[in-house]
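>>> with the sequence up front, the predicted model follows.
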There are 4 protein chains.
Amino acid sequence: MSELHERILASFSAQGLMATLGAELIHVAAGEVQIALMPRPELSQQHGYIHAGAITSVLDSACGYAALTVAPAGADVLTVEFKINFVRPAVAERFVAIGRVTKAGKTLTVCQGEVVGEQGSGREVIAVMQATIINIPGVT
Amino acid sequence: MSELHERILASFSAQGLMATLGAELIHVAAGEVQIALMPRPELSQQHGYIHAGAITSVLDSACGYAALTVAPAGADVLTVEFKINFVRPAVAERFVAIGRVTKAGKTLTVCQGEVVGEQGSGREVIAVMQATIINIPGVT
Amino acid sequence: MSELHERILASFSAQGLMATLGAELIHVAAGEVQIALMPRPELSQQHGYIHAGAITSVLDSACGYAALTVAPAGADVLTVEFKINFVRPAVAERFVAIGRVTKAGKTLTVCQGEVVGEQGSGREVIAVMQATIINIPGVT
Amino acid sequence: MSELHERILASFSAQGLMATLGAELIHVAAGEVQIALMPRPELSQQHGYIHAGAITSVLDSACGYAALTVAPAGADVLTVEFKINFVRPAVAERFVAIGRVTKAGKTLTVCQGEVVGEQGSGREVIAVMQATIINIPGVT
């Protein structure tokens, strides 16, 4: 595991919500982070499918951590805002949230991301996000 | 409790994620729904504050249910997309997500919402959302 | 005319696009700016109605100038991002874009705005916006 | 010129705003449309650079026409909403707005787009958009 991966994992593991959702950090590279999520009744909306809020939460984290991979040493990040479109029903065996850096700046970083639903050998995009993240002094 | 409130509560109670988050439906009126959320370690981000994803999930539900209060009889709703800005640190004793209908159409409804953080006798807006919801045939 | 109004007007008058669109600065107060726009064939989309881009341009300017009214002395502003929903057909005798500050910060300001269509004595909201603006050192 | 290109061009040519801005339709394919825009003083913001509203207008049109290329025969389209991030200063010799279909549905189509600034042999993304478009019965 790279030093970058270890650093992101340490922060990810400190997020109570990611544990509550059962989310798993599965890929860390400079400018890209992937988080996996399995559907469970505890994450459902009223018809038994996974709730848009659960999908959104892991994609927000994936975008935030993608921004963190390119942030200045010692900096931390905060989500300023994001927008998400749900483009297909969130029905799959596993969901993978992929956050990618579009443009890293000194103060603000813009990320774009998607959630892919995996079903058998098929993969389909079910949500797309555009997010703005701000660098803040790290908490030590 | 009004018939409208009962109908929304029945759907809300079927959302596994709302129970997992510990969210509570506290107000239902035509065009406005409020959901309360208490901060807990299980909902935290890496610094112990409540995760943006938890805040977003309850505000998404509040906007969706606000749209449902004005949807045609028998219709159900789905979130098409939303955008959320986080405007203050999410530090409070209790959070109240308020979803309000801006414009209800035959197919699409636009809602605006906010999350208010309550601390002692103070109340401050910590997030604002703009959401698009679509009416779909109800599942019976 | 207040000193604040004069300052905003000087910047507004330097925007070539606002002159090209025929937009007029009609109200400036701390935290709120209003810009009026008349429909013309030169601003149309393919069916003769006013183009969403014209509506968006004046609302973007109204939000940016609202942010500028509360920016630190000497600072200038730039739009980081915005989201706009079109909620009714843009048919009216006059459009008024209203930008309001939701939260002003040291670095970022969040604004919300709307475009109202005026027809006879009627007024209806036709678009709503949520925008993020950044303070930058002023150009002198 | 393909039948598809001709159809899009007929609609584009009827948009008064595109002529006012000096925008040019330069590429039409199934699921992708490109529109070019040259910077001019008539399109400026207060510092002489191109106004975010002009950039947004052509990208909105590019996304809308991309959606139209995949709409059912006889249908027309309307922009429901969009979100745009400005990621670099809009300084270039020419701007190219590229709209692409992410997911076409029976009622709604989601597009993603970008504006690229061309300077000498360099090309840089200066803005990214995520948009929702609705199919409506065509006007005949």
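Everything's here; your move. Numbers count the residues shown, from 1 in each chain, chains lettered A, B, ... in the order given.
>>> going forward, measure contacts between C-alpha atoms and count neighbours the same way
Noted.
>>> and the longest helix seen in chain A, does that touch chain D?
Taking DSSP state H as the criterion, chain A has its longest helix at helix A:52-69. No. Shown here: helix A:52-69 not in contact with chain D (Cα under 8 Å from any Cα of the partner chain), separated by at least 14.0 Å.
>>> run the angle between that helix and helix B:52-69 for me.
Going by axes from the mean of the first three to the mean of the last three Cα atoms, to 10 degrees, helix A:52-69 is angled at 150 degrees with respect to helix B:52-69.
>>> how about whichever helix or strand comes after helix A:52-69: buried residues?
Once helix A:52-69 ends, the next helix or strand along the chain (criterion: DSSP states H and E) is strand A:75-86. Residues of strand A:75-86 classed as buried by neighbour count (16 or more other Cα atoms under 10 Å in any protein chain shown): A:76, A:77, A:78, A:79, A:80, A:81, A:82, A:83, A:84, A:85, A:86.
>>> near chain B too, which of those?
A:79, A:80, A:81, A:82, A:83, A:84, A:85, A:86.
>>> quick one: residue A:120 from chain D, how far?
Computed with Cα to the nearest Cα, to the nearest Å, the distance linking residue A:120 and chain D is 21 Å.
>>> let me see the contact set for the residue positioned nearest the centre of chain A.
Nearest to the mean C-alpha position of chain A, counting by Cα atoms, centre = their mean, stands residue A:62 at 2.0 Å. Residues near residue A:62 by Cα atoms under 8 Å, 6 or more residues apart in numbering or on different chains: A:32, A:33, A:34, A:35, A:97, A:98, A:99, A:113.
>>> is it true that the fourth one touches residue A:23?
Yes. With contact defined as Cα atoms under 8 Å, residue A:35 counts as touching residue A:23 (6.6 Å).
>>> more neighbours, the two?
Between residue A:35 and residue A:23, counting by other Cα atoms under 10 Å in any protein chain shown, residue A:35 is the more crowded of the two (24 against 21).
>>> what helix or strand does that one sit in?
strand A:32-37.
>>> now do residue A:128
Applying DSSP H and E, one finds residue A:128 within strand A:122-137.
>>> quick one on the thing from earlier: got the buried residues of strand A:75-86 as a markdown table, with distance to chain C and pLDDT columns?
Converted to a markdown table, these look like this (distance: Cα to the nearest Cα, whole Å; pLDDT from 0 to 100):
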| residue | distance to chain C | pLDDT |
| --- | --- | --- |
| A:76 | 16 | 93 |
| A:77 | 15 | 95 |
| A:78 | 13 | 95 |
| A:79 | 12 | 97 |
| A:80 | 9 | 98 |
| A:81 | 8 | 98 |
| A:82 | 10 | 98 |
| A:83 | 8 | 98 |
| A:84 | 11 | 98 |
| A:85 | 12 | 98 |
| A:86 | 16 | 98 |
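>>> beta-bridge partners for residue A:33, please?
Judged by DSSP bridges, the bridge partners of residue A:33 are residue A:28, residue A:99.
>>> neighbours around residue A:118, how many?
For residue A:118, the count of nearby residues is 17 (other Cα under 10 Å).
>>> surely it is within a helix?
No. According to DSSP: H, G, I helix; E, B strand; the rest coil, residue A:118 belongs to no helix; its state is strand.
>>> hmm, residue A:128 is touching residue A:111, no?
No. In this structure, residue A:128 is not within contact of residue A:111 by Cα under 8 Å, at 10.9 Å.
>>> rounded mean pLDDT for the longest helix of chain A, please.
Over the span of helix A:52-69, the pLDDT mean works out to 98.
>>> can you dump the C-alpha atoms of that helix in CSV for me?
Output in CSV follows, covering the C-alpha atoms of helix A:52-69 (Å, rounded to 0.1, in the frame of the first residue of the first chain):
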residue,chain,number,x,y,z
ALA,A,52,-30.1,8.2,-3.0
GLY,A,53,-28.5,9.6,0.2
ALA,A,54,-26.3,6.5,0.6
ILE,A,55,-25.1,6.7,-3.0
THR,A,56,-24.5,10.4,-2.6
SER,A,57,-22.6,10.0,0.7
VAL,A,58,-20.0,7.6,-0.8
LEU,A,59,-19.6,9.6,-4.0
ASP,A,60,-19.1,12.8,-1.9
SER,A,61,-16.4,11.0,0.0
ALA,A,62,-14.8,9.7,-3.1
CYS,A,63,-14.6,13.2,-4.6
GLY,A,64,-13.4,14.7,-1.4
TYR,A,65,-10.6,12.1,-1.1
ALA,A,66,-9.7,12.5,-4.8
ALA,A,67,-9.2,16.2,-4.0
LEU,A,68,-7.1,15.3,-0.9
THR,A,69,-4.7,13.2,-3.0
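>>> so who does residue A:94 touch?
Residue A:94 is in contact with A:36, A:37, A:38, A:39, A:117, A:118, A:119, counting by Cα under 8 Å, 6+ apart.
>>> what residues does chain A have near chain B?
Counting by Cα under 8 Å from any Cα, chain A comes close to chain B at A:11-17, A:19-20, A:41-48, A:51-54, A:56-58, A:60, A:79-87.
>>> now residue A:86: how far from residue D:20?
Going from residue A:86 to residue D:20 by Cα to Cα, to the nearest Å gives 35 Å.
>>> then residue A:123?
Counting by Cα to Cα, the gap from residue A:123 to residue D:20 is 43 Å.
>>> and if you look at residue A:8?
From residue A:8 across to residue D:20, the span is 49 Å (Cα to Cα).
>>> more neighbours: which of those two?
More neighbours surround residue A:8 than the other of residue A:8 and residue D:20, with 19 against 16 (other Cα under 10 Å).
>>> which pLDDT value does the model give that one?
At residue A:8, the pLDDT value in this model is 96.
>>> just say helix, strand or coil for it.
helix.
>>> neighbours of the closest residue in space to it that isn't next to it in sequence, how many?
Here the nearest residue to residue A:8 in space, its sequence neighbours aside, is residue A:65; by Cα to Cα, 6 or more residues apart in numbering or on different chains that works out to 6.8 Å. By other Cα under 10 Å, 32 other residues sit near residue A:65.
>>> helix or strand: which one has residue A:12?
In the assignment (DSSP H and E), residue A:12 maps to helix A:3-13.
>>> returning to that earlier point: in TSV: the buried residues of strand A:75-86, plus distance to residue B:3.
Converted to TSV, those look like this (distance: Cα to Cα, whole Å):
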residue	distance to residue B:3
A:76	48
A:77	45
A:78	41
A:79	39
A:80	38
A:81	36
A:82	35
A:83	33
A:84	32
A:85	32
A:86	30
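>>> closest to residue C:107 among the residues you listed?
Here the nearest of these to residue C:107, counting by Cα to Cα, is residue A:80; it sits at 11.3 Å.
>>> circling back to that earlier point, and the residues of chain A next to chain B, which are buried?
Here, 16+ other Cα under 10 Å leaves A:12-17, A:20, A:42-46, A:48, A:51-54, A:56-58, A:60, A:79-87 buried among the residues of chain A next to chain B.
>>> tell me how far the nearest residue to residue A:56 once chain neighbours are set aside lies from residue D:130.
Sequence neighbours aside, residue B:53 is the residue nearest to residue A:56 in space, at 6.6 Å (criterion: Cα to Cα, 6+ apart). Residue B:53 is 20 Å from residue D:130, where distance means Cα to Cα.
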